[in-house]
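J.: From the sequence below, what's the structure:
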Amino acid sequence: MDNSNDNHPIDTEPSSRESIRNNVSNEEINKITKKRRLVLPLIVILYILPFFIIIWSLFIGRFEVEPGNVLKILFSPIIPMEHTWSSAEETIIFQVRLPRIIAAVLVGASLSMAGASYQGLFKNPLVSPDILGVSSGAGFGAACAILLSLSTYYIQVSAFIGGITAVITTYLLSRLYKTGQVLVLVLSGVIVSSFFSALLSITKYVADPYEKLPTIVFWLMGSLSSARYIDIMSIAPAMFLGGLILMLIRWRINLLSLGPDEARTLGIDIKQITRIIVLCATLLTAAAVCISGIIGWVGLVVPHLARMITGPDYSKLLPMTIVMGASYLLVMDDISRTLISTEIPLGILTALIGAPFFAFLLWRRKTGWV
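T.: So this is what the prediction gives:
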């Protein structure tokens, strides 16, 4: 009798623990299921949202155009219809708003994708697309072209070359250290970025304060007001090439998060994948900056928003980053050109909205980033 009483607690304790584990696991499964049910409709909405924002962006502007005429103008090249709109309205839609919308979509998607890729490569949520000095180099290149009174096309070419040159310099500087650590690449980027920022300051100092300097300052603050089809056609190949390669290797970015030793065990060449990511992200950022100027915070904030929805899996994160980046910058551009009578530079607007929002994200995730 005594033996049975002594054994009773020993027999029931494992079963009670097992039931507790089952209850906990069931609760976790229910939470995950509920989250997926909420996230799936949101993902669908976010994927179709850019199309509605594009249509809305065509409707708004300082020059009022009837919504019906906007749709007629859009479809008139492919569908024969009665000409009920003015030539000025057609010019506004096709030559002003549409190229600007396309540029905003491409620039927003490129900066966001580059930022997400760098964050995965460096395993740091505070990394932005200009971490390796591409923005400083592009700014110096554009300032030199403006100082020499070159045309808009050559300003963009000079900015692109300056951005590429800065990143190449960063990479070569990091190669002086034989460790091959990613941290050395980041530190080299800080050095090169500071150097090109100093050169940019010298360029602004010697520029004509009445003609050249205001143009340089406005370019550095970022704007899509001068976007043209020829500009889009010039940068689109670099953007599509860089974006396509990153999409094809996005599963390898997941493996980088495991650490260098684990990634090598799984057959990943760390140096090669690092070079590919840096090259593609540089193409995306340099192409974006040369047409829009320096627009901050897009490549820093948008990847975090996308990560909150899709999680850290880059097979889902990169496509969502593209969609959200395009939508985000398009909305920012709509606000910049319609909020007040004069256009607000995009760099100012994205900083005013992005910095407080990023601080809010940091406050919410006190225990760490997703």
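
J.: From here on, just use CA atoms for contacts and neighbour counts.
T.: Will do.

J.: Distance of the residue nearest the centre of the chain relative to Leu106?
T.: Nearest to the mean C-alpha position of the chain, by CA atoms, centre = their mean, lies Ser112 at 1.1 Å. Using CA to CA, to the nearest Å, we find Ser112 at a distance of 10 Å from Leu106.

J.: what's the answer for Ile309, then?
T.: 22 Å.

J.: Mind checking which of the two has more residues around it?
T.: Leu106 (24 against 19; other CA atoms under 10 Å).

J.: Settle this for me: that one is touching Ser327, isn't it.
T.: No. When contacts are counted by CA atoms under 8 Å, Leu106 is not listed as touching Ser327 (10.1 Å).

J.: Run a quick neighbour tally on Pro260.
T.: With other CA under 10 Å as criterion, Pro260 counts 15.

J.: Next up, the contacts around it.
T.: Ile270 (CA atoms under 8 Å, 6 or more residues apart in numbering).

J.: contacting residues for the spatially closest residue to Pro67 that is not a sequence neighbour?
T.: Excluding its sequence neighbours, the residue lying closest to Pro67 (CA to CA, 6 or more residues apart in numbering) is Phe59, at 6.1 Å. Neighbouring residues of Phe59 by CA under 8 Å, 6+ apart: Val65, Glu66, Pro67, Val70.

J.: so the first one, which of the three states?
T.: Secondary structure of Val65, reduced to three states by DSSP: H, G, I helix; E, B strand; the rest coil: coil.

J.: Let me see the backbone angles for it.
T.: phi -130, psi 130 (degrees, to the nearest 10).

J.: how about the helices in the stretch 1-150 of the chain?
T.: All helices of the stretch 1-150 of the chain, identified by DSSP state H, counting those that start in this stretch, fall at 2-59, 67-75, 87-91, 98-122, 134-147.

J.: now the stretch 1-150 of the chain, which segments are flagged as low pLDDT?
T.: Applying pLDDT under 70 to the stretch 1-150 of the chain flags residues 1-36.

J.: Try it again at 90.
T.: 1-41, 62-64, 67, 76-77, 79-85, 123-126 (pLDDT under 90).

J.: out of everything not next to it in sequence, what's closest to Ser327?
T.: Pro50 (5.2 Å).

J.: who's in contact with that neighbour?
T.: Taking CA under 8 Å, 6+ apart as the test, what Pro50 contacts is Val323, Ala326, Ser327.

J.: Let's verify the last one: helix, strand, or coil?
T.: Looking back up the chat, that one is Ser327. helix.

J.: Contacts only, for Ala138.
T.: Ser158, Ala159, Phe160, Ile161, Gly162, Gly163, Ile164, Ala166, Ala286, Val289, Cys290.

J.: Tell me how far the nearest residue to the residue nearest to the centre of the chain once chain neighbours are set aside lies from Trp56.
T.: Using CA to CA, 6+ apart and skipping the chain neighbours, the partner closest in space to Ser112 is Gly299 (4.1 Å). Distance of Gly299 to Trp56, computed by CA to CA: 24 Å.
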